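[1] build me a structure from this.
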Amino acid sequence: MDMKRRVREQFQRTAEGYLHSAVHARGEDLEWISDLVSQTPRAIALDVATGTGHTALLLSQHANHVIGLDLAPNMMKVARQEAHRLGRNNITWVVGDVESLPFLDDSFEVVTCRIAVHHFLRIEQAMREIYRVLAPKGIFILVDNYVSEDEETGKLVNRIEKLRDPSHSRCLSLKTWQALLETAKFEEVVCEHTWSTPIQLNDWFERAKTPAENRKQVMELLKGALPEQKEWMDYQPSKDPAISLRKGMWVCRKASFR
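    I've put the predicted structure just below:
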């Protein structure tokens, strides 16, 4: 199956779960994003891979107009319903692909992408497209999971993520993200925050509708991991086993001229 189709189908069938997911619906990073966006009032903003719209809804409190874009129509349907329930009428929902954004150059003063890039097939192309549509002096705010600089630990985390959710592509390390954003021509690239989010594995599996065999493989990988790998993931074996996902928030800008 084509990978983009797999991503779309995965989120088509799991959309409702993401609306109420604590990882996506809440988090201190939403407050950090709000603080940054409030410094660019009345902006035209884009939320890439908006999912069920948590970040787009937040942006709508500050921006003049927001576009929420996602590959999965069911995600957009849930987001649209939530916006209607909250009375947010300054959001336009667009089904589209981050690798080929349907917008003109220099269109948005603010672009955000929160907890989604690890599903992108061509991350470098996505960053080039985001840079293209960002206005000069505009701000790009990126939140995503990251992996250890240790190659084997990074591979293990990505393998676990892929078993849990077939639409997962890859998480990158902090150093790789820094280099990638700079290569995409963003300036003033800063990882402003890093933190860990505890995840109860059973809930994590349920949200992605992970098959039983894949759940079993994940548990075997965790149990057989090296001590330093378990420490990186903060693996907690118990009746309700848990790990922690490492997240970072990068803030960068587009130059005032090209």
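
[2] where does the residue nearest to Thr210 when sequence neighbours are not counted land on pLDDT?
    Leaving out its chain neighbours, the residue that sits closest to Thr210 by C-beta to C-beta, 6 or more residues apart in numbering is Arg164, at 5.1 Å. Bear in mind the C-beta positions are built from the backbone N, C-alpha and C, glycine included. Note on Arg164: pLDDT of 96.

[3] how about the strands in the stretch 101-250 of the chain?
    Taking DSSP state E, counting those that start in this stretch to define them, one finds strands in the stretch 101-250 of the chain at 108-114, 134-147, 172-173, 187-200, 242-253.

[4] adding distance to Gly53 and mean pLDDT, write these out as JSON lines.
    Shown next, in JSON lines, are the strands of the stretch 101-250 of the chain (distance: least, C-beta to C-beta, whole Å; pLDDT from 0 to 100):
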{"stretch": "strand 108-114", "distance to Gly53": "11", "mean pLDDT": "98"}
{"stretch": "strand 134-147", "distance to Gly53": "15", "mean pLDDT": "98"}
{"stretch": "strand 172-173", "distance to Gly53": "25", "mean pLDDT": "98"}
{"stretch": "strand 187-200", "distance to Gly53": "20", "mean pLDDT": "96"}
{"stretch": "strand 242-253", "distance to Gly53": "19", "mean pLDDT": "98"}
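
[5] of the ones you listed, which stretch is the most buried?
    Mean neighbour count (mean count of other C-beta atoms under 10 Å) peaks for strand 108-114 among the strands of the stretch 101-250 of the chain, with a mean of 25.

[6] can you tell me what sits against it?
    24, 29, 33, 37, 40, 43-49, 54-55, 59, 63, 67, 98, 130, 133-135, 137-144 (C-beta atoms under 8 Å, 6 or more residues apart in numbering).

[7] so is Pro41 in a helix, a strand, or just coil?
    Classification of Pro41 by DSSP: H, G, I helix; E, B strand; the rest coil places it in coil.

[8] find the nearest non-adjacent residue to it, please.
    His62 (6.3 Å).

[9] so who does that neighbour touch?
    Ser34, Val37, Ser38, Thr40, Pro41, Ala43, Ala45.

[10] that one and Thr52: what is the separation?
    Note on His62: its distance to Thr52, by C-beta to C-beta, to the nearest Å, is 20 Å.

[11] now do Asn89
    Distance of Asn89 to Thr52, given as C-beta to C-beta: 18 Å.

[12] the more surrounded of those two?
    Taking other C-beta atoms under 10 Å, Asn89 and Thr52 do not tie; Thr52 has more neighbours (29 against 8).

[13] and that one, which of the three is it?
    Thr52 - assigned by three-state DSSP - is coil.

[14] cool, and Leu58?
    helix.

[15] may I have the predicted confidence score for it?
    Predicted confidence (pLDDT) at Leu58: the value is 94.

[16] what sits against it?
    Leu30, Ile33, Ser34, Val37.

[17] host element of Ser256?
    Secondary structure assignment for Ser256, by DSSP states H and E: no helix or strand.

[18] swap in Thr55?
    Assigned by DSSP H and E, Thr55 falls within helix 54-59.

[19] what residues of the next helix or strand after that helix count as buried?
    Later in the chain than helix 54-59, the nearest helix or strand by DSSP H and E is strand 65-70. Within strand 65-70, the residues that count as buried by 16 or more other C-beta atoms under 10 Å are Val66, Ile67, Gly68, Leu69, Asp70.

[20] and the next element down the chain from strand 65-70?
    Where DSSP H and E defines the elements, the next helix or strand beyond strand 65-70 is helix 73-86.

[21] can you give me the angle that following helix makes with strand 65-70?
    Helix 73-86 runs at 150 degrees relative to strand 65-70, counting by axes from the mean of the first three to the mean of the last three C-alpha atoms, to 10 degrees.
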